[in-house]
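Novice: I would like to see how this sequence folds:
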Amino acid sequence: MLRLENLTCGYSGLSAPVVTTPDLELPAGSFVCVIGRNGAGKSTLMRTLAGLQPALSGGAFLEGADIARLGARERSRRIAVVTTERVSSPGLYARDVVEIGRQPFTDWQGRLASEDFKAVDEALRKARAEAFAPKLFDALSDGERQRVMIARALAQAPRLMILDEITAFLDLPGRVEIMSLLRRHARETGTLILISSHDLELSLEMADQLWVVDQNTLSHAQPSDAALRTQIAASFDSAEVAFDPLTGRFTLTKG
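Specialist: Now for the predicted structure:
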């Protein structure tokens, strides 16, 4: 469903690429967690895969279509993006924000049909954001806003969902709940979901596949892969914290 070919991500003014990926393919319904230290290049990779930033070389193909060549409307029908950026929508209610996710499918007047309203209702229910629907979006907390933005992405019914650190404002039960619902959504609908996260232990527990961004390179494998876990330890270990590849947990090295 998603194929990467000789993909190199970065910025033309830099002397070296930010992320170089191997050639790989992902099937429909995959739930993939992208991990790496701050500044490793996760967001650059995600923006490139979303078609929001040109690749330095190579390409990413969604169901055979070159993402970089998709027009804005067609891209918004196929790809939904959620980031941690604080979005302001003065005067809009949370339901209005979710309904915007249906715009790629409306007529030139932007009118919603009955199937659009059903999609919005279902998305709010899945994201457990129904209680926020009648509230002004700008009056919501950061965590509540994230649920609404996830609902908007679900309402968009994309083939690929790209979510960049979307659980950052949620407490632990909220993070587990959101990760679980996204994984379930991927399996039930065949949607391919890529989510970057700093929650390594939860990613190891939930992901079908892990992408590790380290030293300008992307590595990928199933969470149980021993070599990948060893690489995670090398990437994340510090003077005070160590990752145990066997247990998949962090421990303090100093008391």
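Novice: Remind me what the longest strand seen in the chain packs against, helices and strands.
Specialist: Taking DSSP state E as the criterion, the chain has its longest strand at strand 2-9. Identification of packing neighbours for strand 2-9 by 3 or more Cβ pairs under 8 Å, 6 or more residues apart in numbering; DSSP states H and E yields strand 19-20, strand 24-26, helix 42-49, strand 57-62. For glycine as for every other residue, the C-beta is placed from the backbone atoms N, C-alpha and C.
Novice: how about those in CSV, adding mean neighbour count, distance to Asp171 and mean pLDDT?
Specialist: Shown next, in CSV, are the helices and strands packed on strand 2-9 (neighbours: other Cβ atoms under 10 Å; distance: least, Cβ to Cβ, whole Å; pLDDT from 0 to 100):
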stretch, mean neighbour count, distance to Asp171, mean pLDDT
strand 19-20, 23, 30, 93
strand 24-26, 15, 30, 94
helix 42-49, 23, 22, 93
strand 57-62, 18, 33, 95
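Novice: tell me which element the residue nearest to the spatial centre of the chain falls in.
Specialist: By Cα atoms, centre = their mean, the chain has its centre lying nearest to Leu163, at 2.0 Å. Assigned by DSSP states H and E, Leu163 belongs to strand 160-164.
Novice: Over to Ser219?
Specialist: Using DSSP H and E, Ser219 sits within strand 217-221.
Novice: Packing partners of the helix or strand that that strand is followed by?
Specialist: Downstream of strand 217-221, the next assigned helix or strand under DSSP H and E is helix 226-236. If you count contacts as 3+ Cβ pairs under 8 Å, 6+ apart, helix 226-236 packs onto strand 209-214, strand 217-221, strand 241-244.
Novice: which of those is buried the deepest?
Specialist: Comparing the helices and strands packed on helix 226-236 by mean neighbour count (mean count of other Cβ atoms under 10 Å), strand 209-214 ranks first with a mean of 22.
Novice: Measure how that strand sits relative to helix 42-49, angle-wise.
Specialist: 120 degrees (axes from the mean of the first three to the mean of the last three Cα atoms, to 10 degrees).
Novice: In the sheet, which strands lie alongside strand 209-214, parallel or antiparallel?
Specialist: strand 31-35 (parallel), strand 217-221 (antiparallel) (DSSP bridges).
Novice: Run the angle between the last one and helix 226-236 for me.
Specialist: Relative orientation of strand 217-221 with respect to helix 226-236: 140 degrees, computed using the same axes, to 10 degrees.
Novice: centre of the chain versus stretch 117-127, how much separation?
Specialist: The chain centroid and the centroid of stretch 117-127 are separated by 19 Å under Cα atoms, centre = their mean, to the nearest Å.
Novice: returning to what we had before: list the neighbours of the strand holding Leu163 that are in contact with it.
Specialist: 1-2, 42-43, 46, 49-50, 62, 78-84, 150, 153, 182, 191-196 (Cβ atoms under 8 Å, 6 or more residues apart in numbering).
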